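*Asks:* Structure, please.
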Amino acid sequence: MLEKSHNKDHKPPVLYGLILAGGKSSRMGRDKALISYHGRSQWEILFDLAQSVCDRTFLSLRKDQQEDLAPGVEVILDRDEYPGPFNGILSAHHAFPDAAWLVLACDLPLIDLETLEKLCISRHPERDATALATRATGLPEPLAAIWEPGALRKVPGYLKKATSSCPRKFLLSSDTSLVFPEDDAALSNANSQEDYIRIKESLDSK
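*Replies:* Modelled structure (predicted):
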């Protein structure tokens, strides 16, 4: 696990990893978590990366996705109480309410260990979240971010009043610290077949 330096008088919440693999992947037309960009399924790549920087790592799944997984893969099933990505994130928060969560979506095939290490080293536990962002947009990536438990306790109340369930909008209205990767490409999204082809061709040409 990556060691992080914080105020010795105030121990930060434990950091767990959460790989969101419960989405429907409707735009891609197939399960994004199972796509192979690097010789293994994307969820496996992200799971291993998260394990390198987190105390424990979990795979977030829908209840109808339960299947045989390799030993050592811990799973948190969606409680189906909240919309969109908050379904998986808040299901994890319910299971471990005192933990901070490094949340990663399976549509970020170029994210790497260097980027995640930078995120974790730059973590501000006293704030609501620490999120990766591209220099091009300056906007937080909610599904490539560390969510602190205090922020997650606010989300249910926020959702009752908000007109949108978009996690980014929550972070924009919260005390969020931004971390910029060395290369914006680390946060390239692959949500469609066209995105997959573009990123795969880029990787194959290296």
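*Asks:* Every contact and neighbour count from this point should use C-alpha atoms.
*Replies:* Noted.
*Asks:* worst-scoring helix or strand of this protein, pLDDT-wise?
*Replies:* helix 193-204 (a mean of 84; mean pLDDT, DSSP states H and E).
*Asks:* helices or strands up against that one?
*Replies:* In this structure, helix 193-204 makes packing contacts with no helix or strand, judged by 3 or more C-alpha pairs under 8 Å, 6 or more residues apart in numbering; DSSP states H and E.
*Asks:* what's the spacing between it and its chain's center?
*Replies:* 21 Å (C-alpha atoms, centre = their mean, to the nearest Å).
*Asks:* Could you give me the buried positions within that helix?
*Replies:* Buried residues in helix 193-204, counting neighbours by 16 or more other C-alpha atoms under 10 Å, are found at Tyr196, Ile199, Lys200.
*Asks:* what does the biggest strand by length in the chain rub up against?
*Replies:* When the chain is parsed with DSSP state E, its longest strand is strand 140-147. Strand 140-147 has contacts (C-alpha atoms under 8 Å, 6 or more residues apart in numbering) with 100-105, 119-120, 123, 128-134, 167-168, 171-172, 176, 178.
*Asks:* can you do 6 Å?
*Replies:* 100-105, 129-133, 167-168 (C-alpha atoms under 6 Å, 6 or more residues apart in numbering).
*Asks:* Looking at these, which has the smallest pLDDT value?
*Replies:* In terms of pLDDT, the weakest of the contacts of strand 140-147 is Ala105, which scores 95.
*Asks:* hang on, that residue packs against Ala21?
*Replies:* No: contact criterion C-alpha atoms under 6 Å: Ala105 and Ala21 do not qualify, at 7.2 Å.
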